[in-house]
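J.: Sequence first, predicted coordinates after that:
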Amino acid sequence: RMDRCGNVLWASEEITHHSPNWLADGGIVVSGGEYVTDRDTPWPFQAPYWEDLVYRFDKDGNRTFAKPLTELFRANDLLPLLTSGSDFRTRIDGEFHLNEVEELSAEMAAGFPMFAPGDLLLSLRNLNMILVTDPQVERIKWWRIGPFVRQHDPDFQKNGKITVFDNHSDETRDGSVTGGSRVWEIDVASGAAR
């Protein structure tokens, strides 16, 4: 963190990924990672592999929280998703590619009666998936795969919807464009996407 003059107030040696977001308490939440090489790993992974984590730092830069996504998926019976599109070999570049973590603010929570202030919205690029968890990243409250592809930057909106940047590559097949970047709006309650 830097002040307005560019002086470093604090720095972390953790590996973080993409943009940090402010928390209501003045801290920061951000995606991070750890390269796992030397420990026994439960199915479906075998070391070495890249583990994505949710990190929380307080306003002074002290890490106060770290939660591996593999543990979240295991606790919510979603491990089968991690091998649904490939074999059992672990990708060295990571299964998830967590690229965004955003807290649901008290001001926005009225639009999301199925969630609570402090819940977290995560973007998992490699699974084409966004999800919402409790603040301790233990329970998945809601998740969605697609229609976005390789998405980034989902955001809670005041109208009870989530917008997400679709990083879909622009490909042409049989003369028609099937891809292209765009912004999707997802109605969490109905599941409608536009």
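T.: Perfect, I can see it now. Worth saying up front: this structure is predicted, and the values here are computed from it rather than measured. Numbering: from 1, shown residues only.
J.: Next one: the nearest residue to Asp153 once chain neighbours are set aside from Glu107, what distance?
T.: Spatially, and ignoring its direct neighbours in sequence, Asp153 is nearest to Phe165 (4.7 Å; C-beta to C-beta, 6 or more residues apart in numbering). (C-beta placed from N, C-alpha, C; glycine too.) The gap separating Phe165 from Glu107 is 22 Å, by C-beta to C-beta, to the nearest Å.
J.: More neighbours: which of the two?
T.: Phe165 (18 against 11; other C-beta atoms under 10 Å).
J.: ok, which stretches of this structure are helices?
T.: Counting by DSSP state H, the chain has helices at residues 69-75, 106-109.
J.: what number of residues lie near Gly26?
T.: Count around Gly26 with other C-beta under 10 Å applied: 9.
J.: residue contacts, it?
T.: 58-59 (C-beta atoms under 8 Å, 6 or more residues apart in numbering).
J.: ok, now Met108?
T.: With C-beta under 8 Å, 6+ apart, Met108 has these contacts: 156-158.
J.: Kindly reformat those residues as a markdown table containing distance to Arg139.
T.: As requested, the contacts of Met108 are exported to a markdown table (distance: C-beta to C-beta, whole Å):
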| residue | distance to Arg139 |
| --- | --- |
| Phe156 | 18 |
| Gln157 | 23 |
| Lys158 | 24 |
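J.: Need the buried ones from those selected in PyMOL.
T.: What follows is the PyMOL syntax selecting those of the contacts of Met108 that are buried according to 16 or more other C-beta atoms under 10 Å:
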select buried, resi 156
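J.: okay, the residue nearest to Asp153: pLDDT?
T.: Confidence at Phe165, expressed as pLDDT, is 94.
J.: Wait, it touches Gln151, no?
T.: Yes - if you go by C-beta atoms under 8 Å, Phe165 and Gln151 touch, sitting 6.1 Å apart.
J.: Just give the nearest non-adjacent residue to Asp3, would you?
T.: Spatial nearest neighbour of Asp3, excluding adjacent residues (C-beta to C-beta, 6+ apart): Leu9 at 5.8 Å.
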